[in-house]
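**Q** Fold the following.
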Amino acid sequence: MIGKYTGTGRPVRRIAVLIMCVLILPLIAVGNSAAEEHPRPKIGLVLGGGGAKGIAHVGVLKVLEEQKIPVDYIAGTSMGAIVGALYASGLSASELEKVITGIDWKDLLSGNPDRRDVDYRRKREDYEILSGLSLGVKDGKIVAPKGLVKDQKVNVLFETLMLHTSDIEDFDKLPIPYRAVAADLETGGMVVLKSGSLANAARASMSVPGVFPPTELNGRVLIDGGIVRNVPVDIVRNMGADIIICVDVGKPLSTRKELGDPLSIMNQMIDIMMKENVDAQIRTLGPQDIYINPELGKLGSADFDKAAEITGSGEKAAREKIAALRRYSVSDAEYAAFSARHHRELIKEVKIASVKIEVEGETKIPTDIVADRLSVRPGDTVDVEKLKEEAGIVYGTGDFERVDLNIKRQGDAYELIMKAKEKSWGPNYLRFGVALESDFEGSSGYNVLLDYTRRWINSLGAEWKTQLNLGWLTGIYSEFYQPLTVSRLFFISPHVRWQRQLYDVYAGKHREASYSVTGYEGGLDFGYQPWMYGEARLGLQLGHFTARPKVGEVDLPQDHATRGAVVAGARLDQLDNVNFPNRGYLAQIKFLSSLKSLGSDDEYNKVEGSILGAFTFRRQTFLAVLSAGSHVGNDLPFYDQLALGGFLNLSGLRSNQLLGQTMLIGKLITYHKVGESFIGDLYLGASLEAGNVWKQGEKQFDLGNLRLAGSLFVGYDTIIGPLYIAFGQADGGFNAGYFYLGRTF
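**A** Prediction:
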């Protein structure tokens, strides 16, 4: 009977279950084996180049993490190589965003160390009218630097950000396998970097020709990889990727109407050169791959100061592809496992096991001199900011084009190898400068300066500097500077000078006459220079001076004189900028004693000094300045009088309108930064000034006789010096407009 229990049913069921197990278990085993043989598809991330536009990659990474999409391989070019290297090294997207948006890009790309850390021999040149461009002289030829942008700070930043990868040379052993793409400058071929220093590889990939210096790696001279593979799809596919997520930050070519200046035309040319290799790579993408092209609008390759906005554009573009991206999301558990394997903490401090100095170059600057600048010693534990500062101090000597920090793990400590590469266009340098002044009322003048400096004449770092002036001050000056010890704290300096300077004589507002003073002078100084802080000198000077009328009649007590004098002076300089200081101080004093026992016709003593302090609150800066000078004993002769007048020196008066025996001026100057760019900052400012010059027979430092003045100005900090357009007014009805190119203190 059907359905009725019988004693023989149980064995039958057992046999049926056994048969089912025999049939099903192999299928389960096959399924598991298939799962092992066919895991989730490997995701390859391609990050294209584009300067500041490449910051958009950070926004894309934020969305990938949000959607729990693990990345198995990364290849990048230029800025894509930088972002890719940092992510591959173990930083999360949020950490990466914090790093990128927290960088002071303007300061970073200036390449200049903090001026307060610059060697005083270089710092003192800032007070002359020299431009920031220094050319080399080699084998009778003028040689330019290899790039417009100094890359020192960029290099050191990458080295410290990737310090946690210092013991990894095979990029396949990074938390995410990684490749950087560069181009060989000599052959034009593509170079795929997959081992060595991660920081150097990323840096080589972004060596934009003419902007950054090329990078030398493994015997090759490498430049930006964008010209050969701006979106390296094939590279990441060859690494083993099944699925490609390609982020291209390129923009459409500009229209004819948009090509209105040489820079835009040059950028268009570069874009055209890259477009072919970009299009070829994009055509290889399949339906399973994802292509992301952020809409960046007017944001360009140089807009690093808009990092947060660019990041947002990348995030927005990724969200527009969210449906396609979610196909590759994994479970919470799988992504947690990926994150655990991927994440690495940034190293913020290191214990120094040993310190080694390496110098590369033709001159072979002694390593002892470099080591003497360092304060880090074996056994010290220092943070990475201190390491950056140490590299900046060495770079601040002005002798090196690059100072690298190679930091290798040694157990629980690190070996610090500082590699300093001498400037390939040195050690002889040529610099130019120009100063212009006009009061818009027919009074104007100019001065041109040519400076030629030979450095490292011997192993102690002797220098020979020669300067030629043409204009309102015409002359030639030559100085030989010889350090006496490896520390270079003490030096001797013989020097000679010939110059001719014009002076105007005023009666009220009107110029009555003018005369020139021609002087020949030689001297020998003994000095002390505590590195970057300043210097003190004591020396002897011998000279002869002659006065000649140029316009009108000038009543001078004598028309020529010989002087032999003892001179002492000191300067302490910790300003961050001499054009438009934001913080710091400058103090200086000089004393001269002209003695008949040294051959002088006039025996007199002269002392002058000044102090300046600067501080900034947000974007508003205040300068307080006090300057004074006087004679002690006999009056000052015609060739050594004190002067005031001109922009920010009793504004409203003509330049050096007041001449006399005693001088005093106090100034309060304020300016507000209203615009900034990579080529200069724009300021609006004003000044209040009080001072005077007292002549022979007048009461010295008569504070009841101070003259009041002030000015309003627009200032622009340019590569050739500070440029001002100003209006000044002084009591007594004196006023003047100024067009002024040059330093005012």
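**Q** show me what contacts residue 165?
**A** By Cβ atoms under 8 Å, 6 or more residues apart in numbering, the contact list for residue 165 reads 89-90, 174, 198, 344. C-beta coordinates here come from the backbone N, C-alpha and C atoms, glycine included.
**Q** Would it be right to say that residue 272 lies in a strand?
**A** No. Secondary structure assignment (DSSP: H, G, I helix; E, B strand; the rest coil) places residue 272 in helix, not in a strand.
**Q** Could you pull up phi and psi at the closest residue in space to it that isn't next to it in sequence?
**A** Using Cβ to Cβ, 6 or more residues apart in numbering and skipping the chain neighbours, the partner closest in space to residue 272 is residue 253 (6.8 Å). Phi and psi for residue 253, reported as degrees, to the nearest 10, are phi -60, psi 150.
**Q** what sits against residue 253?
**A** 268, 271-272, 275.
**Q** Pull out the buried residues from the residues you listed.
**A** residue 271 (16 or more other Cβ atoms under 10 Å).
**Q** Tell me the one of the contacts of residue 253 nearest residue 511?
**A** Taking Cβ to Cβ as the measure, residue 511 sits nearest to residue 268 out of the contacts of residue 253, at 53.6 Å.
**Q** and the residue nearest to the closest one when sequence neighbours are not counted, helix, strand or coil?
**A** Once flanking residues are discounted, residue 268 sits nearest to residue 254: 5.4 Å by Cβ to Cβ, 6+ apart. Three-state call for residue 254 (three-state DSSP): coil.
**Q** circling back: tell me, what's the model's pLDDT at the residue nearest to residue 272?
**A** With respect to pLDDT, residue 253 scores 73.
**Q** Going by neighbour count, which residues in the helix or strand hosting residue 390 are buried?
**A** In the assignment (DSSP states H and E), residue 390 maps to helix 384-395. Under the neighbour-count criterion of 16+ other Cβ under 10 Å, helix 384-395 has 384, 387-395 buried.
**Q** Then stretch 133-146?
**A** In stretch 133-146, counting by 16+ other Cβ under 10 Å, buried: 134, 136-137, 143, 145-146.
**Q** Tell me which two in these are the farthest apart.
**A** So, the buried residues of stretch 133-146 by Cβ to Cβ: farthest apart are 137 and 146, at 15.8 Å.
**Q** picking that back up, tell me which of the buried residues of stretch 133-146 is nearest to residue 366?
**A** Proximity of the buried residues of stretch 133-146 to residue 366 (Cβ to Cβ) peaks at residue 136, which lies at 21.0 Å.
**Q** my read is the closest one is in a strand, agree?
**A** Yes. Using three-state DSSP, the assignment for residue 136 is a strand.
**Q** residue contacts, the closest residue in space to it that isn't next to it in sequence?
**A** Counting by Cβ to Cβ, 6+ apart, residue 136 lies nearest to residue 425, which is 2.8 Å off, once chain neighbours are set aside. Counting by Cβ under 8 Å, 6+ apart, residue 425 makes contact with 135-136, 138, 143-146.
**Q** Repeat the analysis, applying 6 Å as the threshold.
**A** 136, 143, 145 (Cβ atoms under 6 Å, 6 or more residues apart in numbering).
**Q** any chance of those residues in TSV, with pLDDT and distance to residue 674 too?
**A** Below are these laid out as TSV (pLDDT from 0 to 100; distance: Cβ to Cβ, whole Å):
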residue	pLDDT	distance to residue 674
136	92	36
143	91	38
145	87	31
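**Q** could these go into TSV alongside distance to residue 714?
**A** Formatted as TSV, the contacts of residue 425 follow (distance: Cβ to Cβ, whole Å):
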residue	distance to residue 714
136	35
143	36
145	31
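**Q** Looking at those, which one is closest to residue 496?
**A** residue 136 (25.4 Å).
**Q** among the contacts of residue 165, which are in helices?
**A** residue 198 (DSSP state H).
**Q** Quick one: end-to-end length of stretch 85-102, please.
**A** With Cα to Cα, to the nearest Å as the measure, the first residue of stretch 85-102 is 18 Å from its last.
**Q** Show me what residue 670 bridges to in the sheet.
**A** Applying DSSP bridges to residue 670 gives these bridge partners: residue 622, residue 686.
**Q** Quick check, it in contact with residue 619.
**A** No. Assessed by Cβ atoms under 6 Å, residue 670 is found out of contact with residue 619, at 11.2 Å.
**Q** Surely residue 222 is in contact with residue 215?
**A** Yes. Contact criterion Cβ under 6 Å: residue 222 and residue 215 qualify, at 4.9 Å.
**Q** anything in contact with each of these two?
**A** residue 204.
**Q** Tell me how many other residues crowd residue 211.
**A** Residue 211: 17 surrounding residues under other Cβ atoms under 10 Å.
**Q** Identify the residues contacting it.
**A** Contact analysis of residue 211 by Cβ under 6 Å, 6+ apart lists 147-149.
**Q** can you do 10 Å?
**A** Applying Cβ atoms under 10 Å, 6 or more residues apart in numbering to residue 211 gives the contacts 51, 109, 147-149, 151, 223-224, 301-302.
**Q** which of those residues tops the neighbour count?
**A** Ranked by neighbour count (other Cβ under 10 Å), these have residue 224 at the top, with 29 neighbours.
**Q** Quick check: that one vs residue 628, distance?
**A** 54 Å (Cβ to Cβ, to the nearest Å).
**Q** Which neighbours do residue 670 and residue 619 have in common?
**A** Shared contacts of residue 670 and residue 619, counting by Cβ under 10 Å, 6+ apart, come down to residue 683.
**Q** Double-check residue 742 against residue 448; I have them as touching.
**A** No. Under the criterion of Cβ atoms under 10 Å, residue 742 makes no contact with residue 448, lying 11.3 Å away.
**Q** close enough to count as contact, residue 537 and residue 527?
**A** Yes. Residue 537 lies in contact with residue 527 (Cβ under 10 Å); the separation is 4.3 Å.
**Q** Overlap in contacts, those two.
**A** With Cβ under 10 Å, 6+ apart, residue 537 and residue 527 have common neighbours 491, 493, 569-570.
**Q** how about TSV for those, with secondary structure added?
**A** As requested, those are exported to TSV (three-state DSSP):
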residue	secondary structure
491	strand
493	strand
569	strand
570	strand
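**Q** Now tabulate those residues in JSON lines and tack on distance to residue 414 and neighbour count.
**A** Below are those laid out as JSON lines (distance: Cβ to Cβ, whole Å; neighbours: other Cβ atoms under 10 Å):
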{"residue": "491", "distance to residue 414": "36", "neighbour count": "22"}
{"residue": "493", "distance to residue 414": "41", "neighbour count": "19"}
{"residue": "569", "distance to residue 414": "44", "neighbour count": "18"}
{"residue": "570", "distance to residue 414": "40", "neighbour count": "17"}
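**Q** which residue ranges form the strands in the stretch 501-650 of the chain?
**A** Taking DSSP state E, counting those that start in this stretch to define them, one finds strands in the stretch 501-650 of the chain at 510-528, 534-551, 560-573, 584-594, 604-617, 620-632, 642-644.
**Q** Which of those strands has the highest mean neighbour count?
**A** strand 642-644 (a mean of 21; mean count of other Cβ atoms under 10 Å).
**Q** The closest residue to residue 115 other than its chain neighbours: neighbour count?
**A** Among residues not flanking residue 115 along the chain, residue 576 sits closest, at 5.2 Å (Cβ to Cβ, 6+ apart). Counted with other Cβ under 10 Å, the neighbours of residue 576 add up to 14.
**Q** Residue 602: neighbouring residues, count only.
**A** Residue 602 has 21 nearby residues by other Cβ under 10 Å.
**Q** Can you give me the distance of it to residue 639?
**A** In this view, residue 602 and residue 639 are 9 Å apart by Cβ to Cβ.
**Q** Could you name every residue contacting both of the two?
**A** The contact sets of residue 602 and residue 639 overlap at 545, 558, 561, 563 (Cβ under 10 Å, 6+ apart).
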